[in-house]
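**Q** 3D, please:
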Amino acid sequence: MQVAIRRVYDPPGDDEGYRVLVDRLWPRGIRKVALAYDVWAKEIAPSAELRKWFAHSPQRWAEFQERYVQELAKPDVQERLRAIADEAGNRKLTLLYGARNSEQNHALILAEAFRKL
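**A** Now for the predicted structure:
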């Protein structure tokens, strides 16, 4: 499966396929009608507890990755990941996230989870 990652604040590219917002909270400053997306899959985002614990701290990145992978391994989350992949079909899957840090955010981990399906 071809998976791309894009920040919600960046303009969409030409061929992004099936666009999935993967944040638990709606991104600040963006109106729902203004964002080009196919589905908001907040249930596959990190739990509220994990998100608050991480707080985008670079020192917590390694442990955040481990904890989030554990959350993604839960059967209900795996089922939702497969459903999203099915919905995308043969199209590219573009994961939309709002974090400022493009090198340490949950969308990177989530993309790898989709590639392993």
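
**Q** spatially speaking, which residue is in the middle of the protein?
**A** Residue closest to the average C-alpha location in the chain (C-alpha atoms, centre = their mean): Val22, at 3.4 Å.

**Q** What sits closest to that residue if chain neighbours are left out?
**A** Leu95 (4.9 Å; C-beta to C-beta, 6 or more residues apart in numbering). Glycine gets a C-beta too; all of them are placed from N, C-alpha and C.

**Q** what does Ala85 give?
**A** Spatial nearest neighbour of Ala85, excluding adjacent residues (C-beta to C-beta, 6+ apart): Leu117 at 5.3 Å.

**Q** Kindly tell me how buried that neighbour is, as a neighbour count.
**A** Around Leu117 there are 12 other residues, counting by other C-beta atoms under 10 Å.

**Q** List the buried residues of stretch 83-90.
**A** Across stretch 83-90, burial judged by 16 or more other C-beta atoms under 10 Å covers 84-85, 88.

**Q** need the residues you listed in CSV with distance to Tyr9, can you?
**A** Shown next, in CSV, are the buried residues of stretch 83-90 (distance: C-beta to C-beta, whole Å):
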residue, distance to Tyr9
Ile84, 22
Ala85, 25
Ala88, 22
